[in-house]
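K.L.:
fold the following for me, if possible:
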Amino acid sequence: MLQVSNNMNGTTPLKKHVSKSSFRESLKHEYDEYLQSQASRFNTEDCLRVDLHCHDHNSDVPDELWGRILRLPETWLKTKELVALLQKNKMDVVTVSNHNNARSCWQLLDQGIDVLVAAEFTCYFPEYELYIHVLTYGFSKEQEVVLNEKRQNIYDFLRYTTQANLPVIMPHPLYFYTKNEKIDLSLFEKLAVMFQRFEVSKKPRSKLSRLGSSFTT
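P.N.:
I've put the predicted structure just below:
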């Protein structure tokens, strides 16, 4: 609810209600304009269509407490069904970014399917006592083992990905796992320095589900 004065002294506030639907419509409009402005920067013939953040039934190392206790995967979607959906939506590249493992990617490669190897690693931010996710791409099986070791400290993890020239993206940058109630702006200042790429929108995190996934650099 907004309060707007209707006289010079500001003594009689007018109350204007902003509905959730109008707020979402406004966000969607601004987001669509942003996408159009960014799309005009690039020749579509030189671009690849790819969903860089998607999961299947092998995303079975969740962060959520109940997911760990009950051993529930993030989704029951089978790998072949996910690949079919990606192909149906005319993706030029297939990738699966499951939590803390790339089993689906290795299985697809064994089947002769070209895939961009990926995973969404949960990394610990020591001074804030919180966990953040880091989408990571193009690693080998040997590097996956190292990445799972390094993710216990975000600084060690990012130092390794930089040295190994592995692309990373920070997904849902406002969604963390922490008990720390004293997070301040210094965290976001550090993230802005540590990451070059951020996820802007992801379907499951918002009722603006039609927006899909997009990233910014």
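
K.L.:
CA only for contacts and neighbour counts going forward, please
P.N.:
Will do.

K.L.:
got the contact list for the longest strand seen in the chain?
P.N.:
Longest strand in the chain by number of residues (criterion: DSSP state E): strand 116-125. Outside strand 116-125, the residues within contact range by CA atoms under 8 Å, 6 or more residues apart in numbering are 63, 93-102, 105-106, 130-140, 148, 151-155, 157.

K.L.:
buried among those? Need that as a selection in ChimeraX.
P.N.:
For anyone working in ChimeraX, the buried entries among the contacts of strand 116-125, judged by 16 or more other CA atoms under 10 Å, can be selected with:
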select :93,94,95,96,97,98,99,100,101,102,105,106,131,132,133,134,135,136,137,138,139,151,152,154,157
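
K.L.:
and the contacts of strand 116-125, which of them are in strands?
P.N.:
With strands defined by DSSP E, the entries of the contacts of strand 116-125 inside them are Thr95, Val96, Leu130, Tyr131, Ile132, His133, Val134, Leu135, Thr136, Tyr137.

K.L.:
list the contacts of the first one.
P.N.:
Thr95 makes contact with Val50, Asp51, Leu52, His53, Cys54, Cys105, Val115, Leu116, Val117, Ala118 under the criterion CA under 8 Å, 6+ apart.

K.L.:
so the fifth one lies in a helix, does it not?
P.N.:
Read that as Cys54. No - Cys54 is assigned coil when assessed by DSSP: H, G, I helix; E, B strand; the rest coil, not a helix.
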